[in-house]
Every structure is written in C-alpha cells, then in structure tokens.
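Peer 1: Here is my input; please provide its structure:
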Amino acid sequence: MKYFVKVNGHDHEVVLTERLGELLVEVDGEPMDIVYEEVDSLGQVLAITGEGAAFGVSIEGDSQRAGITIAGHFYDIEIEDERERAAHAAARAAGAGGGSVKSVMPGVVVSLLVAEGDEVEEGQPLLVLEAMKMQNEIVAPVAGAVVRIHASEGEAVSAGAKLVDLKAAEEA
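Peer 2: Modelled structure (predicted):
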C-alpha cells in the first residue's frame, strides 16, 4: 500500500508491502531494512535497523495524524493513503466553483452532518461515507450553502453518485 506522509512539513512517499509474513518498507523509492516489534498496546515499539541499531519509538495518534518520538526527538506525522488522496483531490476538483459533491468510491452514508440551507466553510465535513470498512469524511470543497442533499443515512451509494449540491459563496 502506498502512503503519502508529511514529516514535520516535509513530504515523503512510503510503500508498505507484506511478503511471506515480512513487512517491506520503501521510503522515497529507497528500501529500508527495518524490523519492528510492538512492546505494549500503548504505542510503544522497538525498531531495529538492518545495521543492528535499536530505537525505542513512542507513537500517539491515529491513522491520519500521529506524534512520534524517537530517541527524544519529536516528529509530527500526517498520513494519507492513495485512496484518500484521490478522494480529496476529486472533491476539490469537483467543487471548485460549487456544484455537486460526488462520491469517489462506492460506500454507505453513515451520517449526514449538514442540512439543506446550511452555510458551510471550505473543508467542513458534509457527511461520513464508509467504504472498505473505513469511515471517510466528505468535506465541502468551497465555502457556500447546501442547496440539496441527494443521499440519506444508511444509503449505499456508487462511485460518482451525487451526494450534496453546493452553491459557492461567491455565487450566493
């Protein structure tokens, strides 16, 4: 799986592949010889490099943002997988001037976070869509007003389905 990771503001591409029970790690096209072992359920990990150096790693956060401390140095990490990156890019492109926000993947609408007539800010969550057992917030690509909601909670939607119509603030 490919991830786009921002470490203290610097972008990196990370590819994780599991082969024969072993996790293979590649960062910015370079393979990394590293083994890790979870020490406890609180985010403590022991990482060992191919050269035999061992590091205690403390991880706090979730699958999208984490704080990692290695040997006393703190790293702010933002994580986005390929699917999330494509969904965010499509949402931004689709709503650049208002219009319809569409589903970029099939899924089930878990919850609606806005109602028709609501004013929304750019980046404000409109609804939660569950796809591949992951919940994804679908956000407003521009500031404006919710004109129409095309989906309801619990409804299964296909890729490309209209979810919400927005009227951009400059059009309002």
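Peer 1: Pretty sure Pro141 sits in a helix.
Peer 2: No: when DSSP: H, G, I helix; E, B strand; the rest coil is applied, Pro141 is found to be coil, with no helix at that position.
Peer 1: From Glu119, how far out is it?
Peer 2: Distance from Pro141 to Glu119, counting by C-beta to C-beta, to the nearest Å: 15 Å. Using the backbone N, CA and C atoms, a C-beta is placed for each residue, glycine as well.
Peer 1: what domains does the record give for the protein?
Peer 2: Structural domains annotated on the chain: 2-81, 95-168, as defined by automatic domain parsing.
Peer 1: okay, those, which one's buried deepest?
Peer 2: Each of the domains of the chain was scored by mean neighbour count; the highest is domain 95-168, a mean of 17, by mean count of other C-beta atoms under 10 Å.
Peer 1: Please compute how far that one lies from its chain's middle.
Peer 2: Relative to its chain's centre, domain 95-168 lies at 16 Å (C-alpha atoms, centre = their mean, to the nearest Å).
Peer 1: What's the mean pLDDT across that domain?
Peer 2: Domain 95-168 shows a mean pLDDT of 88 in the predicted model.
Peer 1: does Ala87 count as helix, strand or coil?
Peer 2: Taken by three-state DSSP, the conformation at Ala87 corresponds to helix.
Peer 1: what helix or strand is the nearest residue to it once chain neighbours are set aside on?
Peer 2: Distance criterion C-beta to C-beta, 6 or more residues apart in numbering; nearest residue to Ala87, sequence neighbours excluded, is Val104 at 4.5 Å. Secondary-structure element containing Val104, defined by DSSP states H and E: none, the residue being outside all helices and strands.
Peer 1: Over to Arg83?
Peer 2: Mapping Arg83 onto the secondary structure by DSSP H and E places it in helix 82-94.
Peer 1: So which of the domains of the chain is nearest Ala87?
Peer 2: With C-beta to C-beta, the closest approach to Ala87 among the domains of the chain belongs to domain 95-168: 4.5 Å.
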